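Undergrad: Test case, fold it:
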Amino acid sequence: MKISSTYVLIAVAILGIGLIGGGKLLEQKKSEVADGKYTQFAQCLTEKGAKFYGAFWCPHCQEQKALFGDAASKLPYVECSTPDKSAQTQICIDKKITGYPTWILADGKILNGAIPLAELAEKTTCELPL
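TA: Numbers count the residues shown, from 1 in each chain. So this is what the prediction gives:
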């Protein structure tokens, strides 16, 4: 039985599309896992009354957010900078925020700088995922 080159070409094309689609699905699953890894931790920080004060232009604030990966959007984040970077928002003035990032915990304890996740877990009793 002789297989036509057209059929071989079609089979290769289908296989290639399947591999590309499978790779995209795997990437999506990895992203979902990354998002899910710290989502509950970030939500726990919120539930425990922790607040993360920062500024969009602050490199240390970006480092802090990066530790949470895709779950950074779930953080109890308070923006302290005005859009033109020239002033501080009233809430941050009222809280006497003088540097970024600043974490204020429910008990009033203040943590300055990018805080390691293990330390945040310890100070808040939120469980840090492995």
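
Undergrad: in the protein, which spans are strands?
TA: 51-54, 77-79, 102-104, 110-112 (DSSP state E).

Undergrad: Between the two ends of stretch 114-130, what distance do you get?
TA: Distance across stretch 114-130, first residue to last, is 20 Å (C-alpha to C-alpha, to the nearest Å).

Undergrad: distance of Ile104 from Asp70?
TA: Distance from Ile104 to Asp70, counting by C-beta to C-beta, to the nearest Å: 24 Å. All C-beta atoms are positioned from the backbone trio N, CA, C, and that covers glycine.

Undergrad: Among those two, which residue is more densely surrounded?
TA: Higher neighbour count among Ile104 and Asp70: Ile104, with 19 against 15, using other C-beta atoms under 10 Å.

Undergrad: what pLDDT does the more buried one get?
TA: pLDDT for Ile104: 98.

Undergrad: Quick check: it touching Leu45?
TA: No. Ile104 is beyond contact range of Leu45, at 11.4 Å (criterion: C-beta atoms under 8 Å).
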